[in-house]
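[1] everything below, folded, please.
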Amino acid sequence: MASCWASNNIPQHTKITFFSDSQAAIRAISSTNITSVMVLDTTNQLNKLATRNTVEIRWIPGHKGVQGNETADEMARKGSAAQPIGPEPFLPIPQSLIQKQIHDYLFRLHIKQYRNIPISDKGKIPLLTTLQRYKYRTPKLSTAHRRWLTWLLTGHSPLAYFQHRAQNFTSPHCSFCPGEEETSEHFLGTCVGYMTIRLQTLGKCILSLDEIANLKWQNIIKYIKGSSSGLDLDM
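    Got it, this is the predicted structure:
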């Protein structure tokens, strides 16, 4: 506001000094990385003003009896107490908030679309549970280890359940557990053939889906390595 007023009311080739008690505001307009529209507008206005004037910005301590600063504070209080006129929002929305809203909307859309794709819930549950907990945060792992996790979390893995659906296996059942389909959830949490390895690497013989979702990525990799005799990891 002050820079706009100065542009319209102060003659050119004048030394203009702006005083502010906000160190954060001064740092913002001095930064080379600007994400706020309000800060960008203010910076552009000051730069334009400085093309034909000498412009200086100084910090002063707030509430220390500086007459001009006290007057500005009083005007700000009156302005905040007044009834706003015009369309909302009255203040610019921060860029970070806009980006978060877009990110959250796309994430909800992703989850909704994945729920509705024509794949059995037994294949979708591990990935849905993990996505809802971690969103798009990804671990720093090797390419091979990422592939293993992707197999298990999506259900598109060397396990019998998916291979049967892909018509590569004659049966979807686990070779250790008669009548039980070898899904990702079964392999990670309940298969009796890997109980010892599960206890050694994951801390329990049997794990619920919620417990699987809370596992550290590194421990899941150790579990997969320990049980690799039952998986064709080079598929």
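
[2] any idea how far residue 182 is from the closest residue to residue 169 other than its chain neighbours?
    Nearest residue to residue 169, sequence neighbours excluded (Cβ to Cβ, 6 or more residues apart in numbering): residue 163, at 4.1 Å. Heads up, the C-betas are built off the backbone N, CA and C, glycines and all. For residue 163, the distance to residue 182 equals 9 Å [Cβ to Cβ, to the nearest Å].

[3] ok so, going back, chain center to the helix or strand containing the residue nearest to residue 169, what's the gap?
    Using DSSP states H and E, residue 163 sits in helix 160-165. From the chain centre to the centre of helix 160-165 is a distance of 34 Å (Cα atoms, centre = their mean, to the nearest Å).

[4] output the helix or strand following that helix as PDB, nothing but the C-alphas.
    Sequence order places helix 184-189 as the next helix or strand after helix 160-165, per DSSP H and E. Presented in PDB, the C-alpha positions along helix 184-189 are these (Å, rounded to 0.1, in the frame of the first residue of the first chain):
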ATOM      1  CA  SER A 184       0.300 -60.400  -0.600                       C
ATOM      2  CA  GLU A 185      -1.600 -60.100   2.700                       C
ATOM      3  CA  HIS A 186      -1.300 -63.900   3.300                       C
ATOM      4  CA  PHE A 187       2.400 -64.000   2.400                       C
ATOM      5  CA  LEU A 188       3.300 -61.000   4.600                       C
ATOM      6  CA  GLY A 189       1.100 -61.700   7.500                       C
END
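
[5] buried ones in helix 184-189?
    Residues 184, 185, 186, 187, 188, 189 are the ones in helix 184-189 that count as buried (16 or more other Cβ atoms under 10 Å).

[6] again, but for stretch 45-54
    Result for stretch 45-54 [16+ other Cβ under 10 Å]: buried residues 45, 46, 49, 53.

[7] can you check stretch 142-153 too?
    Quick answer for stretch 142-153 (16+ other Cβ under 10 Å): 145, 148, 149, 151, 152, 153.

[8] my read: the third one touches residue 220, true?
    Yes. The pair residue 149 and residue 220 passes the contact test of Cβ atoms under 8 Å, sitting 6.6 Å apart.

[9] please pull out the lowest mean pLDDT helix or strand from the chain.
    Across the helices and strands of the chain, mean confidence by mean pLDDT, DSSP states H and E is lowest for helix 121-134: a mean of 67.

[10] what separates the next helix or strand after it from the chain centre, distance-wise?
    Following helix 121-134 in sequence order, the next helix or strand is helix 143-154 (DSSP H and E). When C-alpha coordinates are averaged (Cα atoms, centre = their mean), helix 143-154 and its chain have centres 21 Å apart.

[11] the longest helix along the chain - contacts with which helices or strands?
    Scanning the chain for the longest helix, with DSSP state H as the assignment, gives helix 95-116. Other helices and strands packing on helix 95-116, by 3 or more Cβ pairs under 8 Å, 6 or more residues apart in numbering; DSSP states H and E, are helix 121-134.

[12] using the record's assignment, carve this protein into domains.
    What automatic domain parsing lists as the domains of the chain is 2-82, 122-230.

[13] highest mean neighbour count out of the ones you listed?
    Stretch with highest mean neighbour count among the domains of the chain: domain 122-230 (a mean of 16; mean count of other Cβ atoms under 10 Å).

[14] and the longest helix of the chain, how far from the chain's centre?
    The answer for helix 95-116 is 10 Å, by Cα atoms, centre = their mean.

[15] try stretch 179-193
    32 Å.

[16] and stretch 51-69, by the same measure?
    39 Å.

[17] same deal with stretch 173-185?
    Distance of stretch 173-185 from the chain centroid (Cα atoms, centre = their mean) equals 36 Å.
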